[in-house]
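Colleague: Only the shape, not the letters, is given here:
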Ligand SMILES: C[S@@+](CC[C@H](N)C(=O)[O-])C[C@H]1O[C@@H](n2cnc3c(N)ncnc32)[C@H](O)[C@@H]1O
């Protein structure tokens, strides 16, 4: 999933850093989870994962990928809708995807507020989705809620289907990477008819835990072998950049404002996006949490300077710094490599006293 700060390409480096410390099992905490990619990876490596994020759509991904072990059976739902005849062999999940793809569109909140057709009589005309895809997102979102309310799906299945929708939507959004603004002309990706993407399921037996909350408040509650923290590194808050995914996730018809149709995000602001608060927040985590090893992922261009970070972390134990050269996409680059910028991703490894 395209998400600022997604660590998908750095997972092996993070794991290498952990292996170098001879840690191969235990409790892995990912309290700035975002896409949940880091937690998924460490879950596959046999760790028990505890994760959290301020964003509700991240919580949905964590529920589906971290807390849920394996592919749900969807027994009741499949009895109701039957297996798909579109493929030679359809798993339950594929059959549900086909069913959702075939739903008739509904003129709901997304269509009415984030499509050109739905907003044409409003002060702000918005082009985040085509009318067809906007209606389709509403139809899928409402159907998943209806199945949950009618007890045709379990809570686990509910979060898996929501995660599938959340991960599919960015492939059809008329944006350059984030939802702070839409493109004036339709990008070819936005013109394709929305289909629900396949998902990878992660098995296992462990009792993983996930939260939707402020890490600063949760941090003292548990004991971790590895406390991995990957906070924002500049002053751009995440909630406004992903506001439409948040609204699809919550589907709570919020009051929205301005050209982009932004929901209120007062309770989702991060201390790490503020130069004056970031170091204090880091110190609070390092001093309050109970961990053997703390790993901070940061960036050479971040608002906390390297020496300041080292100064804070060294109060709590021995610190090692690893630099990883990395090409990061710029949000308007469409993935073209000439627009990728070489930056240094940093891993600070603190072993507590
Ligand atoms: C750099 S991203 C994490 C990316 C993630 N590691 C991944 O691979 O997708 C930072 C995340 O921290 C979350 N966040 C920021 N401050 C937070 C806080 N105080 N508590 C919980 N989550 C926070 C943001 O919502 C965002 O999802």
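Modeller: In hand now; what should we look at? Because the structure is a prediction, the values reported are computed rather than measured.

Colleague: can we go C-alpha only for contacts and neighbour counts from here?
Modeller: Will do.

Colleague: Residue 171 - how many residues pack around it?
Modeller: 18 (other CA atoms under 10 Å).

Colleague: I'd like the distance between it and residue 162.
Modeller: Residue 171 sits 15 Å away from residue 162, going by CA to CA, to the nearest Å.

Colleague: quick check, the lowest-mean-pLDDT helix or strand in the chain touching the ligand?
Modeller: Lowest mean confidence among the helices and strands of the chain (mean pLDDT, DSSP states H and E): strand 317-328, at a mean of 86. No. Applying CA under 6 Å from any ligand atom, one finds strand 317-328 separated from the ligand by no less than 12.6 Å.

Colleague: which element follows that strand toward the C-terminus?
Modeller: Later in the chain than strand 317-328, the nearest helix or strand by DSSP states H and E is strand 341-352.

Colleague: Let me see the backbone angles for residue 211.
Modeller: phi -130, psi 160 (degrees, to the nearest 10).

Colleague: gap between the closest residue to it other than its chain neighbours and residue 265?
Modeller: Distance criterion CA to CA, 6 or more residues apart in numbering; nearest residue to residue 211, sequence neighbours excluded, is residue 52 at 4.4 Å. Here the criterion is CA to CA. By it, residue 52 lies 17 Å from residue 265.

Colleague: Who are the packing partners of the least confident helix or strand of the chain?
Modeller: If you count contacts as 3 or more CA pairs under 8 Å, 6 or more residues apart in numbering; DSSP states H and E, strand 317-328 packs onto strand 341-352.

Colleague: mind redoing it with 10 Å?
Modeller: Judged by 3 or more CA pairs under 10 Å, 6 or more residues apart in numbering; DSSP states H and E, the packing partners of strand 317-328 are helix 11-20, strand 290-299, helix 306-313, strand 341-352.

Colleague: May I have the strands that pair with it, each with its orientation?
Modeller: Note on strand 317-328: by DSSP bridges, its sheet partners are strand 341-352 (antiparallel).

Colleague: any idea of the angle the strand it pairs with forms with strand 290-299?
Modeller: Strand 341-352 runs at 170 degrees relative to strand 290-299, counting by axes from the mean of the first three to the mean of the last three CA atoms, to 10 degrees.

Colleague: what mean pLDDT does strand 341-352 have?
Modeller: The average pLDDT within strand 341-352 is 88.

Colleague: where along the stretch 1-150 of the chain do the strands fall?
Modeller: Using DSSP state E, counting those that start in this stretch, the strands found in the stretch 1-150 of the chain span residues 27-30, 48-52.

Colleague: right, so of these, which gets closest to the ligand?
Modeller: Between the ligand and the strands of the stretch 1-150 of the chain, the tightest spacing by CA to the nearest ligand atom is seen for strand 48-52, at 6.0 Å.

Colleague: So in that sheet, which strands flank the closest one, and in what orientation?
Modeller: Strand pairing for strand 48-52, using DSSP bridges, gives strand 27-30 (parallel), strand 209-211 (parallel).

Colleague: Kindly compare burial across those and name the winner.
Modeller: Neighbour counts (mean count of other CA atoms under 10 Å) averaged over each of those peak at strand 27-30, with a mean of 25.

Colleague: Can you give the distance from it to the centre of its chain?
Modeller: Put simply, strand 27-30 sits 16 Å off its chain's centre (CA atoms, centre = their mean, to the nearest Å).

Colleague: Stretch 58-67 now?
Modeller: 9 Å.

Colleague: hmm, back to that, hey, what's the angle from the least confident helix or strand of the chain to helix 306-313? Just curious.
Modeller: Going by the same axes, to 10 degrees, strand 317-328 makes 140 degrees with helix 306-313.

Colleague: what mean pLDDT would you report for stretch 253-272?
Modeller: pLDDT averaged over stretch 253-272 gives 97.

Colleague: residues near residue 101, how many?
Modeller: Residue 101 has 19 nearby residues by other CA under 10 Å.

Colleague: and what of residue 293?
Modeller: So residue 293, with other CA under 10 Å, has 23 neighbours.
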